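Asker: Give me coordinates for this.
(chains A, B and C)
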Amino acid sequence: MQADADSGSLPRTYLDVVRILREEEEHELEEALRAQTESIRLSLRALVERRIEAEAALNRVHVAIATREAQLEKAAKDYYQRKQEISSGSLFAAANTDSDMHTGVQVYSTTGVFMGDVMPIETENPVVEILLDLPVLRSVTVRRDWNHDPGRLNSIYQERNITGSGKPFRWVAVMIQATGEVLNGGDCCGNCARGMGPFEECIMLPGDPFRKCGNCEWSKRPCSPSSHQPPPSSSAKAGLAVERFRGPSADDSVAEHDYSGGDFSIDDRAEGSPVDLEPIGAANLSLRHNGKVYTHPACMEGVPVEKIGPGHPYWDPEWDPDLMSTIRVQTLEWKAKLEASLHNTSSVRFAKQRQVNRGEAMLEFLNKGPIHPFQLVAKKYMDARRLASFDTLFRLAETLRTLSNNGLDITPEEWVRHRLHEIITETQRDGQTFDLAKAIANFYHDPKVVAFRDAKGIKTIGRPAGYKMAVPPRRKKQKTDFDTSATGSPAPGAYNNNNNNAGGGGGYHTASFVRADDGSPDAWAQGSQAILPAAAAATAAAGGELVRRRKRQTDAELGYEGFTDTDEKMGDRMTKHDFALRSVKSRAYATNSTVTQYWHWVEQGEEAGSSSDRLFQHQVFLPCEPPQWGLYSAPVDFHFGLQDVKEIVWASDTLKAVVRCGGAAAELHGDMIGDFARERTKRRFLVFCMKKGLRVVKSTAFEIEMAWEMMNSQVLGPLGQVEA
DNA sequence: TTCTGAAGCTCCGGGATATC
DNA sequence: GATATCCCGGAGCTTCAGAA
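Answerer: Next comes the predicted model:
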């Protein structure tokens, strides 16, 4: 029985064992698979979480970048708005508060709104003296369509409206209106008859010094009676040009192809000359190069094939080394104007939007384009200054963009260069002078560009060329930014001029006017430049109303609310040219952060005898009795001039900015890192640097903080002394 | 509605001319 | 010859007219 049982159970046991082993093996495999799956799932989950975190971090970075860029743009906008306000409104308001001194002349709008009193100006100019002695016959009335913002009248006192002989011609214009004789009908001058100038009436004074009416004096135009032959205006000449351009058979409805028969870009080609409209392509391309420079045609000889820049051997030192910053600043200005006019009528807004679009198109071209505009043709034909104008450069960028999107078998740059070669050849054949800027500015109507657009089905857009108004154009509303912001660079700063009046001699330092001390003995610095002398007294000694007028301008500027105008610790007056620092590091030294210190902008000529004009000067405030401003003396040097700087590197999320120096400055002190007191100050500094044409480059806070940490400089004592 | 180029207006820089 | 004044031409800005 046992044997049977044994013999009978043996196979089952073996199978059971096998089964059990298999089950165990399967179980182990399942466990291993489960563990492996769980591990993979966990690592996958970790990866997903990391990806989510990374995306969130990236989003935060994007948001931070957008926020900082918006802040930077807002800072730029604030800067230009405040600059405009300072140069227009506040100065005149300040002048009007001085009731003890006025000429008796009052200015009104046509609706009778009082705009302001006219203050006297004392200069050496005899015309001013004569006008101040004349009896005031009437108040001055400004045209209905003139902007009646009282601040606009402020321009009559501004430096830029004073001739080299000291004649304040706009102030003179207003005084002529108040004291002269009204001319009516045919006696009225041609410009007044056409509604030019700010004043309602044509008024002149008898006598040799007064050969113009108030309106012509205001706008520096020749003044001749309307009954005489009026001087040809630019618009009249433009009209003639249009007529010739349209041809003798043109009627009032301009055909679309009117402009295609004449070379508008090289104006005076003989009528009827056949225009060669052979398409430009690889088959007839005239450009040749040896891999390094172009060798043919003549207008391209010597031009490098590679993209050039300010550091390239081909670069001409006369060229604008940072065209991109120039365009960037202009674009930022337009963005600021666009934001300011968002509430305005659509046409005004779109005009500003267009300028922003143009600026961005140019920046893209300058940034990503395969060539620099200054290597478009050989130096012999290059007019870099005029080519760099906002409209002309845009036309070049836009033409290249149009060509790039429409299937050429050559590059757009080759196409344009070949076309310029043709234009140059035709111009020289006709005995005329080639004008690159004009050719580019009018490229939209170049016959071959027009033919190209036609061939590609690109319609001509914008107002048709040759349109002529049915009636003489009425006088348009004046632009609103009357004084300085529209086109001109700001007048030489009144702040700086004060220092020029210090009589040379001892009035050396720029901070003198707003930070005048009493010239007490030097208690701390070692060099002759170390303590600022009492230039305020010298300024007063220079005397004269002109000086006082300039002082008013300066005081008005000090009221700029876009920056902190009083030092927190010292209570001293700051200007928009002061940039508060916590500390500065150079290769050798670092300033003591317990000291109140600034980078102060010094304009050319501000310091008599200075060999380094246009620089950021490091100034410190000494808390002695009385408190004094001063400079550290050699070998300690935290100043830098425009010519010293290769670029300014900044980043969001850090108050520090790196001033990368080249040339002698690099050898002297190397790069410098400024740690600004406030974010607003840093942004103001950056905008100011861009305005001065410096290259401003964005980096990361990490890199800048690392640069700061790596700069192992010796920290100076509070008085700038080098500790043993 | 938005965008574009043309045209017109104004201002400014600088060369030409006049005056001392 | 130096200085002052005149005025032309270039350029920036605004508005117009038409296309997308």
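
Asker: contacting residues for A:Asp383?
Answerer: For A:Asp383, the contacting residues are A:435-437, by Cβ atoms under 8 Å, 6 or more residues apart in numbering. Heads up, the C-betas are built off the backbone N, CA and C, glycines and all.

Asker: Can you report phi and psi for the residue nearest to A:Arg660 when sequence neighbours are not counted?
Answerer: Among residues not flanking A:Arg660 along the chain, A:Lys646 sits closest, at 4.5 Å (Cβ to Cβ, 6 or more residues apart in numbering). Backbone torsions for A:Lys646, taken as degrees, to the nearest 10, come to phi -90, psi -40.

Asker: Wait, A:Lys646 touches A:Val658, no?
Answerer: No. If you go by Cβ atoms under 8 Å, A:Lys646 and A:Val658 don't touch, sitting 10.4 Å apart.

Asker: how about the contacts of A:Asp383 in CSV, adding distance to A:Phe350, secondary structure and neighbour count?
Answerer: Formatted as CSV, the contacts of A:Asp383 follow (distance: Cβ to Cβ, whole Å; DSSP: H, G, I helix; E, B strand; the rest coil; neighbours: other Cβ atoms under 10 Å):
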residue, distance to A:Phe350, secondary structure, neighbour count
A:Asp435, 31, coil, 18
A:Leu436, 30, helix, 21
A:Ala437, 26, helix, 20
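
Asker: which among those are in contact with DNA strand B?
Answerer: Contacts with DNA strand B within the contacts of A:Asp383, counted by Cβ under 7 Å from any atom of the strand: none were found.

Asker: still on that earlier bit, tell me the predicted confidence for the residue nearest to A:Arg660.
Answerer: Looking at A:Lys646, its pLDDT reads 84.

Asker: picking that back up, in terms of packing, which of A:Lys646 and A:Val658 has more residues around it?
Answerer: A:Val658 (22 against 18; other Cβ atoms under 10 Å).

Asker: Could you check how far that one is from DNA strand B?
Answerer: Computed as Cβ to the nearest atom of the strand, to the nearest Å, the A:Val658 to DNA strand B distance reads 34 Å.

Asker: ditto for A:Ser633
Answerer: 38 Å.

Asker: next one: A:Arg660
Answerer: The gap separating A:Arg660 from DNA strand B is 31 Å, by Cβ to the nearest atom of the strand.

Asker: Give the residue spans of the stretch 251-400 of chain A that score low on pLDDT.
Answerer: Filtered on pLDDT under 70, the stretch 251-400 of chain A yields the residue ranges A:251-276, A:341-347.

Asker: Check the stretch 501-650 of chain A too.
Answerer: Along the stretch 501-650 of chain A, the parts satisfying pLDDT under 70 run over A:501-576, A:603-613, A:621-629.

Asker: Would you confirm that A:Val182 belongs to a helix?
Answerer: No. Read with DSSP: H, G, I helix; E, B strand; the rest coil, A:Val182 is strand and lies in no helix.

Asker: what's around it, how many residues?
Answerer: Residues within reach of A:Val182, counting by other Cβ under 10 Å, total 15.

Asker: Quick check: it touching A:Cys202?
Answerer: Yes. Contact criterion Cβ under 8 Å: A:Val182 and A:Cys202 qualify, at 7.2 Å.

Asker: A:Ala35 is in what secondary structure piece?
Answerer: Using DSSP states H and E, A:Ala35 maps to helix A:2-85.

Asker: Also A:Met362?
Answerer: In the assignment (DSSP H and E), A:Met362 maps to helix A:346-368.

Asker: who's in contact with that helix?
Answerer: Here helix A:346-368 makes contact (Cβ under 8 Å, 6+ apart) with A:323-324, A:327-328, A:330-331, A:334-335, A:337-338, A:341-342, A:372-373, A:390-391, A:393-394, A:396-398, A:400-401.

Asker: repeat that with 7 Å
Answerer: With Cβ atoms under 7 Å, 6 or more residues apart in numbering as the test, helix A:346-368 has contacts from A:323-324, A:327-328, A:330-331, A:334-335, A:337-338, A:341-342, A:393-394, A:397-398, A:400-401.

Asker: The residue nearest to A:Arg660 and DNA strand B, how far apart?
Answerer: 27 Å.

Asker: same check, this time on A:Ala57
Answerer: Counting by Cβ to the nearest atom of the strand, the gap from A:Ala57 to DNA strand B is 32 Å.

Asker: Any buried residues in stretch A:307-322, and which?
Answerer: A:308, A:310, A:315, A:319-322 (16 or more other Cβ atoms under 10 Å).

Asker: With stretch A:427-438 instead?
Answerer: By neighbour count on 16+ other Cβ under 10 Å, the buried set for stretch A:427-438 is A:427, A:434-438.

Asker: Out of those residues, which are close to DNA strand C?
Answerer: Among the buried residues of stretch A:427-438, the ones lying near DNA strand C by Cβ under 7 Å from any atom of the strand are A:Ala437.

Asker: Which pair of the buried residues of stretch A:427-438 spans the longest distance?
Answerer: Farthest pair in the buried residues of stretch A:427-438 (Cβ to Cβ) is A:Thr427 and A:Ala437. Separation: 13.6 Å.

Asker: can you give me the strands in the stretch 551-700 of chain A?
Answerer: Secondary structure of the stretch 551-700 of chain A, counting by DSSP state E, counting those that start in this stretch: strands at A:578-585, A:589-590, A:596-602, A:615-622, A:628-630, A:640-641, A:645-650, A:656-661, A:672-676, A:696-698.

Asker: What lies in contact with stretch A:581-589?
Answerer: With contact meaning Cβ under 7 Å, 6+ apart, stretch A:581-589 is reached by A:590-591, A:593, A:597-599, A:618, A:636, A:638, A:669-670, A:672-677, A:708, A:711, A:713-714, A:716.

Asker: Kindly format the C-alpha coordinates of that stretch as CSV.
Answerer: Provided in CSV are the C-alpha atoms of stretch A:581-589 (Å, rounded to 0.1, in the frame of the first residue of the first chain):
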residue,chain,number,x,y,z
LEU,A,581,25.3,104.1,-5.7
ARG,A,582,25.7,101.9,-2.7
SER,A,583,29.2,100.9,-3.8
VAL,A,584,31.5,100.6,-6.9
LYS,A,585,34.1,98.0,-7.6
SER,A,586,37.0,98.3,-9.9
ARG,A,587,39.8,95.8,-10.4
ALA,A,588,41.9,97.2,-7.5
TYR,A,589,39.5,98.9,-5.2
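
Asker: From DNA strand B, how far out is A:Trp708?
Answerer: Using Cβ to the nearest atom of the strand, A:Trp708 is found at 41 Å from DNA strand B.

Asker: Surely that residue and A:Ile673 touch.
Answerer: Yes. At 5.3 Å, A:Trp708 and A:Ile673 qualify as touching, with contact defined as Cβ atoms under 7 Å.

Asker: Can you get me the start-to-end distance on stretch A:588-599?
Answerer: Stretch A:588-599 has an end-to-end distance of 18 Å (criterion: Cα to Cα, to the nearest Å).

Asker: in that stretch, what counts as buried?
Answerer: For stretch A:588-599, by 16+ other Cβ under 10 Å, it's A:588-592, A:595-599.

Asker: Right, I'll call it a day here.
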